[in-house]
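Participant: Structural data only, the sequence is not supplied:
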């Protein structure tokens, strides 16, 4: 059904296999910093107009690949499609973040929640298949979802928040309701990611964007446990090919030892984490992904190259044999790319990752 | 000049000396959650009207002490008084955060910066003396300032930010300018805190509110080094009494080992940090302060008591001898108290800290 994969560097690194260079992709790589994206969005009329149309989603997913030699594509979609399918009424006001018409704030609202009919998310799976076909085997396609806890944050707050007061009030005052919501979210996310895999996603990533706002102990109970509940339900392979699973918790650096116990292949790290220390703490159990501060992309080319080099040096040389033993590194930003990024600086970053990481492997980095 | 101190529990805990119970105070304890504070602010007309009047600052600083048996008072002021005295023009629009009329964004603006004449901050030192007198020895008074990096964030951004793009662009593109600004900020903060000590502050705290947004390595270079530059200039004692120095970096949990090398007595911790692990990582070198999630105060009384107990148990029993050897704990929130907090819940928290921590010391906590 799909063309054979020509560049498997990202997938090999996910599975801790040797690669000729460190693969690179960027969170939110299909986005507002690209003029062609802004043109597509203007045609589509809105963000959700892009995300709900398989044709538009395909168009914008491929845009950064036309410009840069990235090693993976990621489905263009939103992390809040699942609660939208639960009937919460997602919308994006111009210049603002997402908003739910019907937030979930009491027992009655939680009682109404259920795993949505995946047919309501058919537009996402159609986009996955369309993108996979359009990629024609160039690079692998990553599917994704928000984590159960991150979805719950938006479902309770109804929008972004800077103190998470409403969702944490429910957590501390009614942990029974919070657990009920998180269990439903986890089962919904698992079904959603499995359907993306069946539609053609070659790896899946869980974005725990708000795990880092939780207190120690609360993170383990209300975020990590439900991320694991998702992972334990995911398909390990499809059509005989292993599907790597990536987990990214923004602000989760303190809990790396516990995250290393997750049943997944890759941990994403933000820029606060020292990669050498992370590699030592996680051991050989997982590949690591990250972690350049996106604001480095506002510096000049020589400075960007220097910061890229520091990140690669901090991780150090990956295991260079062909057996699946060594820790490996996937280069990425520590969070999504800023809409204000000069597109030409992304080119500098991607070329620097490839060139320097090739030289690292031959022992002549400088 | 000042009445003798009746409750030295907080100061003893800062110096790692034995206490009968764990002292407690709350960041932003004089604030909007108190109806009497809102009445004072209405009389004063604005936040800066409160902060610039020694009488009003004294009135609101003492308000939480009238309600709760807290073990310390903290100067009512703002972390941005120093850049305001540098001429940047601080204002607070209603319902918004602080804003500077003249942000510092280029070489010319940095060239104009200098350590301000401390006479411009006389209103703060007058407030310190007025509060100290009004306290009449009840509990010690903590003075404070923003850290050099945190001041720089506001000075460059001109207001709060969610991505710190402008200040990080300067950091990555013009590190020379950033270092120059931070050196001036550090020297200004040191002069400012020393003047607070001379005016009557019995401990001083540096709030590195935005240290946690920096990348690993950038934190050490652009925040920690300049916090240390402040600390190295501070008076160690005044009128023959030691002045403890506290440092709080929100989101700094990953860098505890390095923060343990600071020349200060107490490290403040946010709620993401496990206190038992922090105690092990910092060793006996410093007292630790923190770290309940402020959102726990939206739960019901029994739940608040349980969460207080968990924090105290996580730290464990402090050293119980009278020599200055053991790590000690000062109870606090992991960040400022929310303006939406029900005041009666603060009473529950303070009583629970005192009661349970007394029982811990006698070996009969439950």
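Facilitator: Thanks, I have the structure now. A quick note: this is a predicted structure, and the numbers were derived from the prediction, not measured.
Participant: buried ones in the biggest helix by length in chain A?
Facilitator: Ranked by residue count and defined by DSSP state H, the top helix of chain A is helix A:175-199. By neighbour count on 16 or more other C-beta atoms under 10 Å in any protein chain shown, the buried set for helix A:175-199 is A:177-179, A:181-197, A:199. Heads up, the C-betas are built off the backbone N, CA and C, glycines and all.
Participant: Quick check: can you name the pairing partners of the helix or strand that it is followed by and their directions?
Facilitator: Next helix or strand after helix A:175-199 toward the C-terminus (DSSP states H and E): strand A:203-208. Strand A:203-208 pairs in its sheet with strand A:141-146 (parallel), strand A:245-249 (parallel), by DSSP bridges.
Participant: Same list, those strands, but as TSV with mean pLDDT, mean neighbour count and distance to residue B:231 please.
Facilitator: Output for the strands paired with strand A:203-208, formatted as TSV (pLDDT from 0 to 100; neighbours: other C-beta atoms under 10 Å in any protein chain shown; distance: least, C-beta to C-beta, whole Å):
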stretch	mean pLDDT	mean neighbour count	distance to residue B:231
strand A:141-146	98	24	41
strand A:245-249	98	26	32
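Participant: Can you list the low-confidence ranges for chain A?
Facilitator: Along chain A, the parts satisfying pLDDT under 70 run over A:319-326, A:366.
Participant: where exactly do the strands run in it?
Facilitator: Using DSSP state E, the strands assigned to chain A run over residues A:73-74, A:90-92, A:98-100, A:141-146, A:203-208, A:237-238, A:241-242, A:245-249, A:266-268, A:287-292, A:329-333.
Participant: Any figure for the gap between residue A:95 and chain B?
Facilitator: Per C-beta to the nearest C-beta, to the nearest Å, residue A:95 is found 14 Å from chain B.
Participant: Also residue A:90?
Facilitator: Remark: distance between residue A:90 and chain B (C-beta to the nearest C-beta) = 21 Å.
Participant: that older thread, of all the strands paired with strand A:203-208, which one is nearest residue B:302?
Facilitator: strand A:245-249 (30.5 Å; C-beta to C-beta).
Participant: Quick one: work out the angle between that closest one and helix A:175-199.
Facilitator: Per axes from the mean of the first three to the mean of the last three C-alpha atoms, to 10 degrees, the angle that strand A:245-249 makes with helix A:175-199 is 140 degrees.
Participant: give me the number of residues near residue A:30?
Facilitator: For residue A:30, the neighbour count with other C-beta atoms under 10 Å in any protein chain shown is 25.
Participant: Hmm, it is touching residue A:40, no?
Facilitator: No. If you go by C-beta atoms under 8 Å, residue A:30 and residue A:40 don't touch, sitting 9.3 Å apart.
Participant: Overlap in contacts, these two.
Facilitator: A:60, A:63 (C-beta atoms under 8 Å, 6 or more residues apart in numbering or on different chains).
Participant: Can you pull the residues of chain A lying near chain B?
Facilitator: Within chain A, the positions near chain B by C-beta under 8 Å from any C-beta of the partner chain are A:163-165, A:168-169, A:171-173, A:212, A:214-219, A:251, A:253-254, A:271-274, A:291-296, A:298-300, A:303, A:307, A:310, A:314, A:334, A:338, A:340.
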